[in-house]
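>>> can't give you the sequence, but here's the structure:
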């Protein structure tokens, strides 16, 4: 395969920590006949892994520069970590860093050696921060390619812009939504392309859009590419406007762009979104009604449970009152029994006659102190049958007499 000379050589200066912005830049860089020379501030003591890392993001071939290497198109050349690099007669030339004392101004060294139309970056106040790539380098790259590059979110708000905004936009106030900044033909194309890009998650294009400029028509191509990055929680897209120079601006238009077709597609997408939104609203309304019914049913169950609890509480209150009455009766009877017991004890102490008390089973229940003289009763005899207790009395049929009395 024959590798041709590049149409343009773009030199980019960046700090050693510029991988993120370089990766983002080359994620969307096509194979369009341009060569890229990247110069970084790198430590001479550690070999850079930039070639391996950047190869994951670029469609172009990534090479570390070698002495005398010829610059060819669609190749990205990286400066070695321990070298200065210059360009002369379309070739890359390297020199050792250790021959120079003091700061190693690698970006300025390359810039002084070349007659490139522009150089992204430089050892200024920012000393090679990658802001030079995103703000200055991308700006000049877009201008050189006669294009405008925008980063927009899914609501079409402009986040960043590179290139000549005056060629394509109605205003440079980027606090506004992009829909307020575009001529009508570009607006129609934008709406349709953004809708398609978000739906398919693929790059979409519209070519040869005629934009009226005074008595002539500018021909513009638009591409929209969805990005994996997000901004404040919103999906991001890369939007490119480029003047189509394939034929004279005032020449006849081709059929590649059809405003009515894009307008109809956008209208159809809007109608579909409205239909989907109506369906979602309907579904949400059904769910809301079901939730309301469930809440109402639950509320009624709570009311019923509250009534039952109230009824149970009243019953418990009634039972409590009855228990209080029964307790009062028991306390009264207990006092009466205590009084009777006291009276009976007083009676026993005051009565010198011997007396004993038995139950229906003829078991000893109680005896008076006076009977101990006739019968040798002990406190342990309480509860014993009379027949088991020996006495000194000559009573042969005392048990029969007691039974006769009880009968």
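That came through fine. It should be emphasised that the depicted structure is a prediction, and the values quoted were computed from it without experimental measurement.

>>> and residue 92, bridged to which residues?
Assessed by DSSP bridges, residue 92 has beta-bridge partners residue 69, residue 87.

>>> tell me how far it lies from residue 141.
According to CB to CB, to the nearest Å, residue 92 stands 20 Å off from residue 141. (Glycine included, C-beta is placed from N, CA and C.)

>>> mind listing what the closest residue in space to residue 230 that isn't next to it in sequence touches?
Of all residues not flanking residue 230 in the chain, residue 236 sits nearest, at 6.0 Å (CB to CB, 6 or more residues apart in numbering). Residue 236 is in contact with 151-154, 159, 226-227, 229-230, counting by CB atoms under 8 Å, 6 or more residues apart in numbering.

>>> in ChimeraX, select just the buried ones from those.
Of these, the buried ones go into a single ChimeraX selection, burial set by 16 or more other CB atoms under 10 Å:
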select :151,152,153,226,227
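
>>> show me where pLDDT drops low in the chain?
1-3, 15-17, 102-103, 114-140, 142-145, 171-175, 214-215, 246-259, 262, 392-396 (pLDDT under 70).

>>> which elements pack onto the longest helix anywhere in it?
Using DSSP state H, we find that the single longest helix of the chain is helix 259-350. Applying 3 or more CB pairs under 8 Å, 6 or more residues apart in numbering; DSSP states H and E, one finds that helix 259-350 contacts helix 184-200.

>>> for the helix it packs on, list every residue counted as buried.
Here helix 184-200 shows 185-197 as buried, counting by 16+ other CB under 10 Å.

>>> relative orientation of it and helix 259-350 in degrees?
For helix 184-200 against helix 259-350, the angle by axes from the mean of the first three to the mean of the last three CA atoms, to 10 degrees is 50 degrees.

>>> within the sheet, what are the partner strands of the helix or strand just after helix 184-200, with directions?
Later in the chain than helix 184-200, the nearest helix or strand by DSSP states H and E is strand 204-213. Strand pairing for strand 204-213, determined by DSSP bridges: strand 216-231 (antiparallel).

>>> now do the strand it pairs with: distance to the chain's middle.
30 Å (CA atoms, centre = their mean, to the nearest Å).

>>> after it comes which helix or strand?
Scanning forward in sequence from strand 216-231 by DSSP H and E, the next helix or strand is strand 234-243.

>>> partner strands of that next one, with direction?
Next to strand 234-243 in the sheet, as set by DSSP bridges, lie strand 147-153 (antiparallel), strand 216-231 (antiparallel).

>>> mind giving me CSV with these and columns for distance to residue 340?
Output for the strands paired with strand 234-243, formatted as CSV (distance: least, CB to CB, whole Å):
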stretch, distance to residue 340
strand 147-153, 99
strand 216-231, 95
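
>>> give me the domain ranges for this structure.
The chain is divided into the following domains under automatic domain parsing: 1-145, 146-257, 267-343, 351-406.

>>> compute the first-to-last residue distance for the last one.
Going back to what we said before, that points to domain 351-406. One end of domain 351-406 sits 23 Å from the other (CA to CA, to the nearest Å).

>>> tell me how many other residues crowd the closest residue in space to residue 93 that isn't next to it in sequence.
Excluding the flanking residues, the one nearest residue 93 by CB to CB, 6+ apart is residue 86, at 4.9 Å. Neighbour count for residue 86, taken as other CB atoms under 10 Å: 15.

>>> what is the nearest of the buried residues of helix 184-200 to residue 21?
Closest to residue 21 out of those is residue 197 (22.6 Å), distances taken as CB to CB.

>>> beta partners for the closest residue to that closest one other than its chain neighbours?
Using CB to CB, 6+ apart and skipping residues adjacent in sequence, the residue nearest residue 197 is residue 224, 4.4 Å away. Listed beta-bridge partners, residue 224: residue 204, residue 239 (assigned using DSSP bridges).

>>> was I right to think residue 224 contacts residue 241?
No: applying CB atoms under 8 Å as the test, residue 224 and residue 241 come out as separate, 10.4 Å apart.

>>> can you show me the strands along the stretch 1-150 of the chain?
8-14, 34-40, 61-64, 69-70, 75-78, 83-88, 91-96, 119-120, 147-153 (DSSP state E, counting those that start in this stretch).

>>> give me the residues contacting the third one.
Spelled out, it's strand 61-64. Contact with strand 61-64 is made by 51, 54-55, 69, 74-80, as judged by CB under 8 Å, 6+ apart.

>>> and those residues, which are buried?
The neighbour count (16+ other CB under 10 Å) marks 54, 69, 74-80 as buried among the contacts of strand 61-64.

>>> quick check, nearest of those residues to residue 399?
Closest to residue 399, out of all of the buried ones among the contacts of strand 61-64 and judged by CB to CB, is residue 54, at 122.7 Å.

>>> name the nearest residue to that closest one, ignoring sequence neighbours.
Residue 54 sits nearest to residue 62 (CB to CB, 6+ apart), 5.4 Å away.

>>> gap between that neighbour and residue 284?
Counting by CB to CB, the separation of residue 62 from residue 284 is 51 Å.

>>> with neighbour numbers in mind, choose between these two.
Comparing residue 62 with residue 284 by neighbour count (other CB under 10 Å), the higher total belongs to residue 62, at 20 against 10.

>>> coming back round to it: can I get the strands of the stretch 1-150 of the chain in JSON lines including distance to residue 217?
Output for the strands of the stretch 1-150 of the chain, formatted as JSON lines (distance: least, CB to CB, whole Å):
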{"stretch": "strand 8-14", "distance to residue 217": "27"}
{"stretch": "strand 34-40", "distance to residue 217": "28"}
{"stretch": "strand 61-64", "distance to residue 217": "39"}
{"stretch": "strand 69-70", "distance to residue 217": "42"}
{"stretch": "strand 75-78", "distance to residue 217": "37"}
{"stretch": "strand 83-88", "distance to residue 217": "40"}
{"stretch": "strand 91-96", "distance to residue 217": "43"}
{"stretch": "strand 119-120", "distance to residue 217": "33"}
{"stretch": "strand 147-153", "distance to residue 217": "18"}
